[in-house]
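> Have a look; sequence and predicted model below, questions after that.
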Amino acid sequence: MPKPHPALQRLDVFVGEWEICLSIGDQDTAIGRTVFEWTEDGAFLVQRSEAKVAEDIPPEWVADSPFPVTSVMGLDDASEELSMLYADGRGVHRVYRMSFDGGTWRVWREVPGFDQRFTATFSDGGGTINGYWEMSRDGSTWEHDFDLTYRKVA
């Protein structure tokens, strides 16, 4: 298999299978698995996620559950900026900008009426990723949406 572009190789730490847990406050809302793997030519990193929504959460969250989710991460080789294409089981499709410095992973988009941002940090020698999503309706006031934890299993 060809090697990914050198600027993409820093994403190798994501490759593998992870257990994921989404939570709001102290309540787990979904538990599942996600797999990160390179496409055959090493040009893109693909993330596929499946999760089961908890039974004891508010019905509006059940109705808004995004699973399954597929994301494709890639690079502009001139600017070395990362982007992520996102699609989910609700029929939602989004384009995010992304950065990763080896320890902090950021994903964001600026769209009038619904800005989003995700910030996560690696710990446990790269075996855990703890992050959270935020949203803004006006581009300046941010509210916490949910927490997302990854634990590497393979």
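Nice, I can see it.
> Ranking helices and strands of this structure by mean pLDDT, which lands last?
helix 59-63 (a mean of 75; mean pLDDT, DSSP states H and E).
> Show me what it is in contact with.
24, 29, 53 (Cβ atoms under 8 Å, 6 or more residues apart in numbering). Placement of C-beta: from N, CA and C, glycine included.
> Listing partners with orientation, what would you give for whichever helix or strand comes after that helix?
Next along the chain after helix 59-63, taking DSSP states H and E as the criterion, comes strand 69-76. Strand pairing for strand 69-76, using DSSP bridges, gives strand 45-53 (antiparallel), strand 81-88 (antiparallel).
> got a list of contacts for strand 69-76?
5, 7-8, 11, 34, 43-49, 81-89, 98.
> try stretch 29-43
Taking Cβ under 8 Å, 6+ apart as the rule, stretch 29-43 contacts 1-5, 8, 11, 14-23, 44-54, 57, 61, 65, 67, 69, 74, 146, 150, 153.
> From these, list the buried ones, please.
Burial by neighbour count, judged by 16 or more other Cβ atoms under 10 Å, picks out 4, 8, 11, 14, 16, 18-20, 22-23, 44-45, 47, 49, 51, 53, 57, 61, 65, 67, 69, 74, 146, 150 from the contacts of stretch 29-43.
> Need the single longest strand in the protein, by residues.
Longest strand of the chain, by residue count under DSSP state E: strand 27-38.
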